[in-house]
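Engineer: predicted model follows, preceded by the sequence.
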Amino acid sequence: MNTRPFAVVLSLTLFCGAVAATVMAQEQNSASEVTDQPAAQMKSYDTAREITFSGAIQEVVTKHIPGSPAGLHLLVGNSGGIIDTHVGPYLPKDVQEQLRTGEPVQVTGMIETFQGKDYLLARVLVVGGRQITVRNEHGFLVRLQSPAHPQQSRNELNGGNQ
């Protein structure tokens, strides 16, 4: 019995397996470099690890910086330093307009490290005496509705018919 065809098939199988493993490893490395995932989904949010930080807004960062969580960031500072605070992409326009340099703000959230840098994942903001929920207690970003555009009731959506 000639074992040469078997050896060729075995060699090709091992070679293809090695190539597939290399490709998968490269895909996993590039997948870990994706930066546009919401910060709340990077790791599980833990309310037991929350801190409350008060300070003044030093800068409102609207442009995405590669390597940082996508969405609006506030650089909030006090005598202890400046914290990059992630508030996400879902704040209503009227809330965004309230977030100005120099405005005092209180942030409750959890510090998370993302690609080697610490971010405060805001769950609740207090600005101008107004409390704004940014994330729920599980860390998922909340889509807020502007008070100027209240959500229509089900009755209104049905043309008044029930």
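Structural biologist: Nice, thanks for sending it over.

Engineer: contacts, neighbours, all on C-alpha from now
Structural biologist: Will do.

Engineer: I'd assumed Pro69 was in contact with Pro89.
Structural biologist: No - applying CA atoms under 8 Å, one finds Pro89 not in contact with Pro69, separated by 10.0 Å.

Engineer: ok, these two, which is more surrounded?
Structural biologist: Shown here are Pro89 and Pro69; by other CA atoms under 10 Å, Pro69 has more neighbours (24 against 16).

Engineer: state the distance from Ile111 to Glu50.
Structural biologist: For Ile111, the distance to Glu50 equals 7 Å [CA to CA, to the nearest Å].

Engineer: tell me which of the two has more neighbours.
Structural biologist: Each of Ile111 and Glu50 has its neighbours counted (other CA under 10 Å); Ile111 has more, 20 against 17.

Engineer: low-confidence ranges in the chain?
Structural biologist: For the chain, applying pLDDT under 70 flags the ranges 1-43, 145-162.

Engineer: now Asn78: closest residue in space, sequence neighbours ignored.
Structural biologist: Distances taken as CA to CA, 6 or more residues apart in numbering place Gly55 nearest to Asn78, at 4.7 Å, with adjacent residues excluded.

Engineer: next, count neighbours for that neighbour.
Structural biologist: Counted with other CA under 10 Å, residues neighbouring Gly55 total 20.

Engineer: one more: the one 3 residues further on?
Structural biologist: One way to gauge burial is a neighbour count; for Gln58, by other CA under 10 Å, it gives 19.

Engineer: my read: it touches Gly81, true?
Structural biologist: No - with contact defined as CA under 8 Å, Gln58 does not reach Gly81; the gap is 10.7 Å.

Engineer: and the strands in this protein?
Structural biologist: Assigned by DSSP state E, the chain shows strands spanning 50-61, 72-78, 81-88, 104-114, 117-127, 130-133.

Engineer: partners of the fourth one, with directions?
Structural biologist: Which is strand 104-114. Strand 104-114 pairs in its sheet with strand 50-61 (antiparallel), strand 117-127 (antiparallel), by DSSP bridges.

Engineer: show residues contacting that strand.
Structural biologist: Under the contact criterion CA atoms under 8 Å, 6 or more residues apart in numbering, strand 104-114 has outside partners 39, 45-47, 49-57, 67-69, 76, 118-128.

Engineer: for the first one, same thing?
Structural biologist: Under the criterion CA under 8 Å, 6+ apart, residues 72-78, 99-111 lie in contact with strand 50-61.

Engineer: can you list the buried residues in it?
Structural biologist: Going by neighbour count (16 or more other CA atoms under 10 Å), the buried part of strand 50-61 is Glu50, Phe53, Gly55, Ala56, Ile57, Gln58, Glu59, Val60.
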